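Peer 1: take a look and give me a structure for this.
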Amino acid sequence: MSACTPLNGNGFTLQPSKRRSFKGLHASHLISQFQVTTAPYAIPLPSLHLHQPSKFRPKKFNLFTVSANSTKTHFRNKNPKEINVLVVGSTGYIGNFVVKELVGRGFNVVAIAREKSGTRGKNGKDETLSMLSGAKVCFSDVTNLESLEKSIENLGISIDVVVSCLASRNGGVKDSRLIDYEATKNSLVAGKKFGAAHFVLLSAICVQKPLLEFQRAKLKFESELIRESEKDEGFTYSIVRPTAFFKSLAGQVELVKDGKPYVMFGDGKLCACKPISEPDLASFIADCVLGEDLVNRVLPIGGPGGALTPLEQGEMLFRLVGKEPKFIKVPIQIMDFAIGFLDFLVSVFPSLEDVAEFGKIGRYYAAESMLILDPETKEYNAEKTPSYGKDTLEDFFKRVLEEGMAGQELGEQTIF
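Peer 2: Numbering: from 1, shown residues only. From the prediction side, this is the model:
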């Protein structure tokens, strides 16, 4: 059990009582791609009113306190400054952008964070408070429902909306179940207990074809979130399924810059995606807080422009560095052989299950497109994948070539 007590500034800290169960797990994004969620993909997509991202403007935080017995549906009639938004996964790569976007739009943001955040827990409390400037930071443990509920109770406010940016650190079997399902469900249970009427879930487009443990965990929670809305007419959801993140496609930028070849599987056309920038995705997630046209829907979303294959991404990089394109084409069958061997090893040494899962994750992203999967043709469709925002992959590559990958590290998501 733990409690949040006010700190000087924008933070809360946990004061342990007799019992304490903290696992200190993080949420991060998997291997060089985005994560996913589940619920029937084939939910129709009426015309989206996509707004351009707003600029982040720091503001003084002032929580609006309301009775826990207030009518839940009333939050959409309030001004943003009167709406309390609980963000879990706030120190993750996308969660950090989401907190800034929500604060910039004037919402009262409560950011749940671990006492040690960032890649391998490198950030302490001071760094976390600075990162989440403008939000009320509450240090708690999303993997422990009792701890999370006590922390929210000690805030002394009701919650209007929960935004979950939780994701397992690396897609491992146990971590996926713990974070993508159990911890995310804890945030739903705790949020509803303190009045939440809407839940915005950051998922991933790849859950359309669930072959991996993290995808199955996300889909399991998606289905339960949808059922919760069906049981409670005063409760709504928005499930956001983004395509690839920019940083997940930047792993070979430095290699190409140094004159080395670009490595791809097959002919480089096995898969494609419509990558979206982190600020643009954060803006879309923030739209889901009040956007009534985005309620009770599964929302695939990509960035502006057409879909890009690995071959086209490589050609773009060589053009930007002014070098003749050089490619190494790796047969996808090599990964199939490796996965078969790893599965055999797992049957003998079960402790290797995560290693085998990482191989499957790598194989998945080498061959599967991050686009809408047409339920009728069973083929990926770039034209049916909605676009949003203004940031392009080419502009991102230009910036990385000039400034490097500072702040874009994959950390524990790195597989290759």
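
Peer 1: below-threshold pLDDT in this protein: ranges please.
Peer 2: The chain contains residues with pLDDT under 70 at 1-73, 117-122, 406-416.

Peer 1: relative to its centroid, which residue of it is most remote?
Peer 2: Using Cα atoms, centre = their mean, the residue of the chain lying farthest from its centre is Glu324. It sits 35.6 Å away.

Peer 1: now that residue: closest residue in space that isn't a chain neighbour?
Peer 2: With Cβ to Cβ, 6 or more residues apart in numbering as the criterion, Glu324 has its nearest non-adjacent residue at 6.9 Å, and that residue is Phe318. Where you see a C-beta, it was placed from the backbone N, CA and C, and this is true even at glycine.

Peer 1: pretty sure the one you found contacts Leu255?
Peer 2: No - contact between Phe318 and Leu255 fails when scored by Cβ atoms under 8 Å: they sit 11.2 Å apart.

Peer 1: those two: which has the busier surroundings?
Peer 2: Ranked by neighbour count (other Cβ atoms under 10 Å), Phe318 and Leu255 place Phe318 first, with 17 against 13.

Peer 1: pull the residues that contact the longest helix seen in the chain.
Peer 2: Assignment by DSSP state H gives helix 213-231 as the longest helix of the chain. For helix 213-231, contacts defined as Cβ atoms under 8 Å, 6 or more residues apart in numbering pick out 30, 35-39, 167-168, 171-173, 176-177, 179-181, 184-185, 188, 192, 199, 201, 203-204, 206-207, 209-210, 235-237, 239, 296, 298, 357, 361.

Peer 1: which neighbouring elements make contact with the next helix or strand after it?
Peer 2: With elements assigned by DSSP states H and E, the helix or strand that comes after helix 213-231 is strand 236-242. Counting contacts by 3 or more Cβ pairs under 8 Å, 6 or more residues apart in numbering; DSSP states H and E, strand 236-242 is packed against strand 198-202, helix 213-231, helix 278-290, strand 297-301.

Peer 1: which SSE is immediately downstream of the last one?
Peer 2: Helices and strands here follow DSSP H and E; after strand 297-301, the next one along the chain is helix 310-321.

Peer 1: distance from the chain centre to the following helix or strand past that following helix, please.
Peer 2: For helix 310-321, the following helix or strand on the C-terminal side (DSSP H and E) is strand 327-330. Distance of strand 327-330 from its chain centroid, counting by Cα atoms, centre = their mean, to the nearest Å, is 30 Å.

Peer 1: and if you look at stretch 129-136?
Peer 2: Offset of stretch 129-136 from its chain centre (Cα atoms, centre = their mean): 19 Å.

Peer 1: same deal with stretch 163-170?
Peer 2: Here stretch 163-170 shows a centroid-to-chain-centroid distance of 5 Å under the convention Cα atoms, centre = their mean.

Peer 1: and Gly305, how many neighbours?
Peer 2: Applying other Cβ under 10 Å, we find 12 residues neighbouring Gly305.

Peer 1: okay but it is in contact with Ser387, surely?
Peer 2: Yes - shown here, Gly305 and Ser387 form a contact pair, counting by Cβ under 8 Å, at 7.1 Å.
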